[in-house]
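In: Output the structure for:
(4 chains)
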Number of protein chains: 2
Amino acid sequence: MQDVFSKLGPLIVGSRLKRMSDYIMRAGAEFYNSNGVDFEPKWFPLYYLLSHEKELGIMDIAQKLNISHPAVIQLAKELEKKGWITSTKSKEDARKRLLKLSKKGINLLPQLQLIWDDIREVNRQVVESQSTNVLKALEEMEAFFASKSYNERLKEYQESKK
Amino acid sequence: MQDVFSKLGPLIVGSRLKRMSDYIMRAGAEFYNSNGVDFEPKWFPLYYLLSHEKELGIMDIAQKLNISHPAVIQLAKELEKKGWITSTKSKEDARKRLLKLSKKGINLLPQLQLIWDDIREVNRQVVESQSTNVLKALEEMEAFFASKSYNERLKEYQESKK
DNA sequence: ATTAGTTACGTAATTGATTACGCAAATTTA
DNA sequence: TAAATTTGCGTAATCAATTACGTAACTAAT
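Out: All right, here's what the predicted structure looks like:
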């Protein structure tokens, strides 16, 4: 027995999800690299988002991507350093800093699209190979916990035992 | 539209897995807390492992848990500080440091078991609610990539397009 | 018994993300 | 319109885990 995790079943759903996610992220990083594109998977969500919406403030992005706003600032700093995005102060609201893709950033897009297509295809293969679809499972989980949170459920079960 | 992620489908399986894993981990942390037990989810794998095997070296543990050995050292340091584990030099191999639960650590077990039971139950509920089972999906994914890695598949698809 | 190579562990530096905090601009309310 | 509150952003501190590197102990080969 080498891998204790798989034996534990439902007890450690969390850890197993993380493990698979880490694996995929790392593989993605390698792939960009071997294609000679200086891009990291962690940048994808922000980059992709900005490629679809012209301008967004930090908080908007944080909400849409479901990450903390300092994380957005950090990522933005990195992409700005690469020259792929620019930021401007909002005219309507002086507190806001709006991010958008720069020309250089837009020019990079076609190259990235090709790579994203490959990734999308392999992910599609995985999902199709499955008798039980991860994405569907995840959606179901999210819905399950949206209707009643994990912690509420824990509490309730605990109460029910008394 | 608030949540961009779900729209992206197969492109970001990785991020979605991570998000769900993070959610579960955080909920777990709260639950220990609200039960007045000073325990963190990240300790679970090591603790659980040691509760089943009497003594293990750092590297053994790292392999079994599929984490880096510095991570094991770190976790062990924390558990040792709590007084729940102790370590001794191996007599057969002076390089090895063997970890095991202390008496105090063993005494804590029954309390933890109760909590783990609750967690297991709620996880079981999730899984049973699903028309597609996350754990099964994960297992299938792991098998899929074990037979041929993500990166091999990416390369192959790329070749096939030329 | 020396040397070369491997294994086990520890430390340091780095990465990626979070929470906590503070400031300034906008909004609400009295 | 002044005061209180909320919102948007930035910085700092912290956390969890990794990679990279060094050292000591073991093993194998000559």
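
In: What pLDDT is listed against A:P10?
Out: Listed pLDDT for A:P10 reads 57.

In: Got the domain ranges for chain A?
Out: Chain A is divided into the following domains under automatic domain parsing: A:4-129, A:132-162.

In: Give me the buried positions along the shortest one.
Out: By neighbour count, with 16 or more other CB atoms under 10 Å in any protein chain shown as the criterion, the buried positions of domain A:132-162 are A:132-138, A:140-142, A:144-145, A:150-151, A:153-154, A:158. No exception for glycine: its C-beta is placed from N, CA and C like everyone else's.

In: thinking again about what came up before, could I get the domains of chain A as a markdown table with distance to DNA strand C?
Out: Below are the domains of chain A laid out as a markdown table (distance: least, CB to the nearest atom of the strand, whole Å):
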| stretch | distance to DNA strand C |
| --- | --- |
| domain A:4-129 | 3 |
| domain A:132-162 | 14 |
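
In: Make CSV out of those and add distance to B:W84.
Out: Output for the domains of chain A, formatted as CSV (distance: least, CB to CB, whole Å):
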stretch, distance to B:W84
domain A:4-129, 18
domain A:132-162, 23
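
In: Please identify which of the ones you listed is closest to B:D60.
Out: domain A:4-129 (10.9 Å; CB to CB).

In: quick check: longest helix of chain A.
Out: helix A:103-129 (DSSP state H).

In: Which SSE is immediately downstream of it?
Out: helix A:134-147 (DSSP states H and E).

In: So for the spatially most central residue of chain A, what's the pLDDT?
Out: In chain A, the centroid-proximal residue (CA atoms, centre = their mean) is A:P45; its distance is 5.5 Å. On pLDDT, A:P45 comes in at 91.

In: wait, isn't it in contact with B:S15?
Out: Yes - the criterion here is CB atoms under 8 Å, and A:P45 meets it with B:S15 at 6.4 Å.

In: re the thing from before, chain center to the longest helix of chain A: distance?
Out: 14 Å (CA atoms, centre = their mean, to the nearest Å).

In: residue contacts, A:Y47?
Out: A:Y47 sits next to A:F39, A:L79, A:W84, A:L101, A:G105, A:L112 when contact means CB atoms under 8 Å, 6 or more residues apart in numbering or on different chains.

In: With neighbour count as added columns, please give those in JSON lines.
Out: Below are the contacts of A:Y47 laid out as JSON lines (neighbours: other CB atoms under 10 Å in any protein chain shown):
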{"residue": "A:F39", "neighbour count": "21"}
{"residue": "A:L79", "neighbour count": "22"}
{"residue": "A:W84", "neighbour count": "23"}
{"residue": "A:L101", "neighbour count": "22"}
{"residue": "A:G105", "neighbour count": "20"}
{"residue": "A:L112", "neighbour count": "20"}
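
In: picking up where we left off before, check which helices and strands the longest helix of chain A sits against.
Out: Secondary-structure packing of helix A:103-129 (3 or more CB pairs under 8 Å, 6 or more residues apart in numbering or on different chains; DSSP states H and E): helix A:13-34, helix A:44-52, helix A:134-147, helix B:13-34, helix B:134-147, helix B:150-161.

In: Looking at these, spot the one closest to B:K64.
Out: So among the helices and strands packed on helix A:103-129, helix A:13-34 is nearest, using CB to CB, at 12.8 Å.

In: what's the closest one packed up against?
Out: helix A:4-7, helix A:103-129, helix B:13-34, helix B:103-129, helix B:134-147, helix B:150-161.

In: Any buried residues in it, and which?
Out: A:13-21, A:23-25, A:27-28, A:31-32.

In: Contacts only, for A:K104.
Out: With CB under 8 Å, 6+ apart, A:K104 has these contacts: A:G83, A:W84.

In: at 10 Å what do you get?
Out: A:K104 makes contact with A:K82, A:G83, A:W84, A:I85, A:T86, according to CB atoms under 10 Å, 6 or more residues apart in numbering or on different chains.

In: Ok, which of the domains of chain A comes nearest B:E55?
Out: Closest among those, using CB to CB: domain A:4-129, at 15.3 Å.

In: buried sites along the longest helix of chain A?
Out: Residues A:105, A:108, A:112, A:115-116, A:118-123, A:126-127 are the ones in helix A:103-129 that count as buried (16+ other CB under 10 Å).

In: ok, how many other residues are close to A:V72?
Out: Using other CB atoms under 10 Å in any protein chain shown, the number of residues around A:V72 comes to 23.
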